[in-house]
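A.B. asks: Quick one, what's the 3D model for this:
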Amino acid sequence: MAQRSNSFAYGTRSIHSDKTPVVYPALISKVAQEIKQLVSVSDHVKDDIEYKNTFDGKEMVDKICQMLRTKDRKLAIRIGRALAAQRIFHDVCYETLLVDSTQNMYEFSNMIYQNNNDSLSEVESVSEPLDLPNSVLTELTYCYSPTCWGNKPCYSPTCPKRMQVQDFMKSKIEISTSTTKDRLWANRINKEIYISIPKIERKRQENLFELIYTEEDYVESLNYLESMWIVPLKEQAIIPTSRRESLVNKIFRNITDLCQINTDLLSALKARQDENPIIYQIGDILLNHVSQFEPYIHYGSKQHEAKFTFENEKYLNSNFEAFVHTTERHPSSHKLELNGYLTKPTTRLGRYTLLFNEILKHTPDGHPDKLLLPKAIQTVKHFLSLVNSETGRAKTRFDLERIHYNLSFKYKPDETSSIKNLDLLAKTRSIIKQGSLKKTGQADSVEYQVILLDHYLLVAKLKAGEKYVIQKRPIPIELLHAHVPKYDPSIHSKRSSSLVLPYLTNNNPNNTMMVASTGGAGIHVRASTDLNSYLATEDPCYPITFQHLGRPSLFFTLFANSAAVRKAWIEKIKTHQEEMNKKKPIFEPMSVFSTHEFLETNKIHHFITFTAEDGVYVGHHNYKGSRPHKVISLEKVTHIQTIESTQTLLVLADRTLWEYPLDVVNGKPENQPPGHLIQTHVPFFYVGTCLQRTMVCVPKISTLHSVISAFEPTDNTVQTTANKRSSLINKFLKPSTFLNLRKIKDCYVPCEAYAVELSATMMLITTSRGVILIDMKTDQPQQLLNPADKSLAFIIEREKEPIHLRQPIKRIAIFRTPRGHYFICYDEYAFYIDGKGNRLFKKFLIEWEGHPESFAFSYPFVVAFHAMFVEVRNVFTGAIEQILLGNQVNCLNNGHKTELALIFGSMLDPENEKYYTVFQLHHNGHSFDTLSEPSTLSK
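C.D. replies: Here you go, the predicted model:
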């Protein structure tokens, strides 16, 4: 049986490609949906004006040819113009049709209504198919005859294989040509005069005439806005009275001022033209009037907001929409929509430089305009540069404000602190890139708005009323890794509803997305960038995986509409991260030792006299070339502490606490004296000052209770008779010159203790029930946080949980600020309290980006040490000031309550991860405002 032909006509001849077009090109909706996926937008400059999210005509024609799999560019132009007629895209100046050229810039109609969320949004990708125009290009339809088959025409006189298609734009081009002929200077001047002047002067006069009549058209357009839009909207009941004046001002801004400026310019030009049909000089007029173009800066900077306000009102107000529909179809509008008229002021400003340059090019040497026109051109370019810069800033500011006031979090009931931490209204905040990515690879998948800020990546879902609902935890740029994952289409088709792709599994040996580090502390990411597997599939997907390097479990995958869109996202993120790395850091990590001394298996725990898995070492941090040397050989040393007043060295090795004389640091392991055993089964110990006495706190811990023994170092060099009757073991372990620890008291808490610290009169015990304070005078316990303070419920309720469903809080640090406040750091949060345990600055809250294991404080910064990075925060704003990436990061000395406030840490050497490196965080001396209260928030 013969097969019916699905061929269609291309232009004036039938062209049959071996490859079937991606979509049926006769259906505009299908073509529009596909073309918005193929065309990638970027920033372009035309007439010295920068246009965001645009593309050139050649790219559009290229993509249509690619989609139809044809080389007929004339056909692609006709299809492209059909798309433009349906307002899929338009010329940035609303002036020209689609032209196959890199000089003509176009943009998609940004404001698209989406049925799935009832919102108005600016997107880069295609919306739902139902939102697209429905029309048919008859010249590209299949033949209607059921007997038409093969490549030969059938009996029908209108068979696409026979039909000679006529260019439907021909009549429009002819009309445009005839109109242009009527506006030539040569047709308006006496023939004898025209012949008598030199050829170059004729060209100059043509340029002058073009300047004048285009200025006349421009002023007429501004008057049209005044008479057909501004006046009716102000006088008629189209917009509610309460917001009528404000809305009209937002849409049209200072268009009346621009109209007056250009009316004066036009009057001066016409007066000069009336003086003599051959204009001698015009530079003086232009230079005088272009200096008054400053109002264009304000107008251009608010154009993005005006466009949004117009589209939003049209969407919300049916009366306004009806008025727009009627006015745009009025004969005086010349079939041009309002947005086309609103862009005329900025495009006209850019057109001046072209017109002035053409006049200058045909002006002879020695002419007065030869000096005046360059000055006028320079003045216009100055205003153009200001318009571009102010427009960019104003657009960013408007978009940020819109996001800030419509922001919510899907997984957070208390959003105040999270919104504050994003600090979207900061003057330095900027939007690097914004667009839509899909939740899955399917065509009808939910779309997320992905916003790349200068400091965070946000993934939001748009809801009714322009609500941005954040779907995932914002990722700091320094901890963001975007890459192409490995993709399995068969698995994807089975579980397309999952946000995290099911094919991203760590137990798959063929998975190239991530490989676990053998060191056990974090992961190393290895991305796949091979796109051939996607291009080879019939229904290609373009996934991007976004991973939070500080939280290995936090990664999710979204889908782009094309490989070009995906590539743009990855490259933009990479470029921005490189720019951030060039900034001068707050803290400079300075390597302490120049040589590799400690293998990966010999982890460093303490500094400056520091510990490792195989013993105690001594190093000199002031001399980078020095090598640390071992002074005590002990296995699994985790903590040491010196007591200079009694020349004592305490060493915790394999949960056993030993005492050594301090002069042991000057010896060698083979000559080390025997240590004095203080206590076994010691998880940690702490040395501090309380009640003006040096105390050593040693705990005995169980899951049900803990007893912390407080010792005081004492000098017992004078031996008593009782000392002489000591056992043989004690004589062997402790020479007569050793110092002893005298027990002061035991402090009891009915829970497991994780850490101990001393203040002037209190012992602070971090437990599974929070921080408990023990008064060292009265032994009375109390909670650090006031249970009656409801603003602390997010911490207190967690501490009261009878069954700990989450990891218990084991790491808590408290720092006193110069203002007398207490800055308290938990493993998830950091905030301020006063001396009574009440929360201060209740809108201030830091949420750590990972799970910090220790903290340091260098006012006005707090430093959190995570396993994979170091996080530096400003204690006034809560903002991330710096992030240092590493592997197996550990804090050796936090500088708190020490004679020298030096911060030391260790990590695997980035150049050779077989070894550890010791570093000091050197402050670079940045100046910050420390006079205002934290985040300038009320208590």
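A.B. asks: Going by contacts, tell me the helices and strands next to the longest strand seen in the chain.
C.D. replies: For the chain, the strand with the greatest residue count under DSSP state E is strand 912-923. Strand 912-923 sits against strand 587-591, strand 598-599, strand 854-858, strand 904-909, with contacts defined as 3 or more CB pairs under 8 Å, 6 or more residues apart in numbering; DSSP states H and E. C-beta here means a position set from N, CA and C on the backbone, and glycine is covered the same way.
A.B. asks: redo that, cut-off 7 Å
C.D. replies: strand 587-591, strand 598-599, strand 904-909 (3 or more CB pairs under 7 Å, 6 or more residues apart in numbering; DSSP states H and E).
A.B. asks: Quick check: which of these is buried the most?
C.D. replies: strand 904-909 (a mean of 24; mean count of other CB atoms under 10 Å).
A.B. asks: would you put the C-alpha positions of that strand in PDB?
C.D. replies: Backbone C-alpha positions of strand 904-909 (Å, rounded to 0.1, in the frame of the first residue of the first chain) are rendered in PDB as follows:
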ATOM      1  CA  PHE A 904      45.900  27.800  64.100                       C
ATOM      2  CA  GLY A 905      44.400  25.000  62.200                       C
ATOM      3  CA  SER A 906      45.400  21.900  60.200                       C
ATOM      4  CA  MET A 907      44.100  20.200  57.100                       C
ATOM      5  CA  LEU A 908      45.300  17.800  54.400                       C
ATOM      6  CA  ASP A 909      47.900  19.500  52.200                       C
END
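A.B. asks: May I have the strands that pair with that strand, each with its orientation?
C.D. replies: Strand pairing for strand 904-909, using DSSP bridges, gives strand 890-893 (antiparallel), strand 912-923 (antiparallel).
A.B. asks: so it versus strand 587-591, what angle?
C.D. replies: Following axes from the mean of the first three to the mean of the last three CA atoms, to 10 degrees, one obtains 70 degrees for the angle between strand 904-909 and strand 587-591.
A.B. asks: Specify the angle between strand 904-909 and strand 854-858 in degrees.
C.D. replies: 130 degrees.
A.B. asks: Off-centre distance for strand 904-909?
C.D. replies: 29 Å (CA atoms, centre = their mean, to the nearest Å).
A.B. asks: model confidence over that strand, on average?
C.D. replies: For strand 904-909, mean pLDDT rounds to 88.
A.B. asks: do stretch 657-667 as well
C.D. replies: According to the model, stretch 657-667 has a mean pLDDT of 84.
A.B. asks: Outline the domain layout of this structure.
C.D. replies: The chain resolves into domains spanning 28-173, 185-404, 407-581 when parsed by automatic domain parsing.
A.B. asks: Who are the packing partners of the helix or strand hosting Q33?
C.D. replies: Using DSSP states H and E, Q33 maps to helix 28-38. For helix 28-38, the packing partners by 3+ CB pairs under 7 Å, 6+ apart come out as helix 57-68, helix 73-85.
A.B. asks: which ones are touching N421?
C.D. replies: By CB atoms under 7 Å, 6 or more residues apart in numbering, the contact set of N421 is 847, 878.
A.B. asks: Read off the pLDDT value for it.
C.D. replies: Predicted confidence (pLDDT) for N421: 78.
A.B. asks: Same question for the one 4 residues further on.
C.D. replies: L425 is assigned 90 on the pLDDT scale.
A.B. asks: what's the pLDDT at T179?
C.D. replies: Taking T179 on its own, its pLDDT is 45.
A.B. asks: Renumber starting at 57 from here on
C.D. replies: In the new numbering, first residue 57, that becomes T235.
A.B. asks: follow-up on the earlier one: among the strands paired with strand 960-965, which is the most enclosed?
C.D. replies: Of these, strand 946-949 is the most buried (mean count of other CB under 10 Å), at a mean of 21.
A.B. asks: From the chain's centre, how far out is that strand? Work that out for me.
C.D. replies: Counting by CA atoms, centre = their mean, strand 946-949 comes out at 31 Å from the chain centroid.
A.B. asks: Please apply the same query to stretch 448-467.
C.D. replies: 12 Å.
A.B. asks: buried sites along it?
C.D. replies: 448, 450-456, 458-459, 462-463, 465 (16 or more other CB atoms under 10 Å).
A.B. asks: Mind checking which of the residues you listed land in strands?
C.D. replies: 463, 465.
A.B. asks: Just send the buried residues of stretch 448-467 back as a markdown table, with distance to S762 and pLDDT too.
C.D. replies: Shown next, in a markdown table, are the buried residues of stretch 448-467 (distance: CB to CB, whole Å; pLDDT from 0 to 100):
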| residue | distance to S762 | pLDDT |
| --- | --- | --- |
| G448 | 59 | 87 |
| A450 | 60 | 91 |
| K451 | 59 | 89 |
| T452 | 54 | 90 |
| R453 | 54 | 92 |
| F454 | 57 | 92 |
| D455 | 54 | 91 |
| L456 | 50 | 92 |
| R458 | 53 | 90 |
| I459 | 48 | 91 |
| N462 | 49 | 89 |
| L463 | 44 | 88 |
| F465 | 38 | 87 |
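A.B. asks: nearest to N637, of the buried residues of stretch 448-467?
C.D. replies: T452 (22.3 Å; CB to CB).
A.B. asks: Assess the claim that that closest one and S486 are in contact.
C.D. replies: Yes - counting by CB atoms under 7 Å, T452 does reach S486; the two are 5.4 Å apart.
A.B. asks: Find residues that contact each of these two.
C.D. replies: By CB under 7 Å, 6+ apart, T452 and S486 have no common neighbours.
A.B. asks: Could you tell me which residues make contact with the residue lying closest to Q735 once chain neighbours are set aside?
C.D. replies: Spatial nearest neighbour of Q735, excluding adjacent residues (CB to CB, 6 or more residues apart in numbering): L713 at 5.0 Å. Counting by CB under 7 Å, 6+ apart, L713 touches 706, 734-735, 738, 741, 754.
A.B. asks: 8 Å instead?
C.D. replies: Residues in contact with L713 (CB atoms under 8 Å, 6 or more residues apart in numbering) are 706-707, 733-736, 738, 741, 754.
A.B. asks: following the host helix or strand of it, which helix or strand shows up next?
C.D. replies: Using DSSP H and E, L713 sits in strand 712-717. Proceeding N to C from strand 712-717, the next assigned helix or strand is strand 732-736, under DSSP H and E.
A.B. asks: If you count neighbours, what's buried in that next one?
C.D. replies: Result for strand 732-736 [16+ other CB under 10 Å]: buried residues 732, 734-735.
A.B. asks: Could you do stretch 371-381 as well?
C.D. replies: Those would be 373, 376, 379-380, for stretch 371-381 by 16+ other CB under 10 Å.
A.B. asks: Same check on stretch 518-527?
C.D. replies: 518, 522, 524-527.
A.B. asks: In strands, which of those residues fall?
C.D. replies: Reading strands off those with DSSP E, I get 518, 524-526.
A.B. asks: For G906, give me its contacts.
C.D. replies: 606-607, 920, 922-925, 927.
A.B. asks: Could you give the separation of the helix holding Q89 from the chain centroid?
C.D. replies: The answer for helix 84-94 is 29 Å, by CA atoms, centre = their mean.
A.B. asks: what about R825, how many neighbours?
C.D. replies: R825 has 18 neighbours, counted by other CB atoms under 10 Å.
A.B. asks: thinking A624 is in contact with V95, fair?
C.D. replies: No - under the criterion of CB atoms under 8 Å, A624 is not in contact with V95, lying 11.8 Å apart.
A.B. asks: between the two, which one's more packed in?
C.D. replies: V95 (22 against 18).
A.B. asks: The more buried one contacts E115, doesn't it?
C.D. replies: Yes - between V95 and E115 there is a contact under CB under 8 Å: 6.3 Å.
A.B. asks: just the helices in the stretch 107-256 of the chain please.
C.D. replies: Secondary structure of the stretch 107-256 of the chain (DSSP state H, counting those that start in this stretch): helices at 113-124, 129-141, 226-237, 247-252, 255-281.
A.B. asks: what's the second one packed up against?
C.D. replies: Right, helix 129-141. helix 84-94, helix 113-124, strand 145-147.
A.B. asks: In a markdown table: these, plus mean pLDDT and distance to Y280.
C.D. replies: Listed next are those as a markdown table, based on pLDDT from 0 to 100; distance: least, CB to CB, whole Å:
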| stretch | mean pLDDT | distance to Y280 |
| --- | --- | --- |
| helix 84-94 | 82 | 30 |
| helix 113-124 | 88 | 28 |
| strand 145-147 | 87 | 19 |
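A.B. asks: Kind regards, and thank you for your time.
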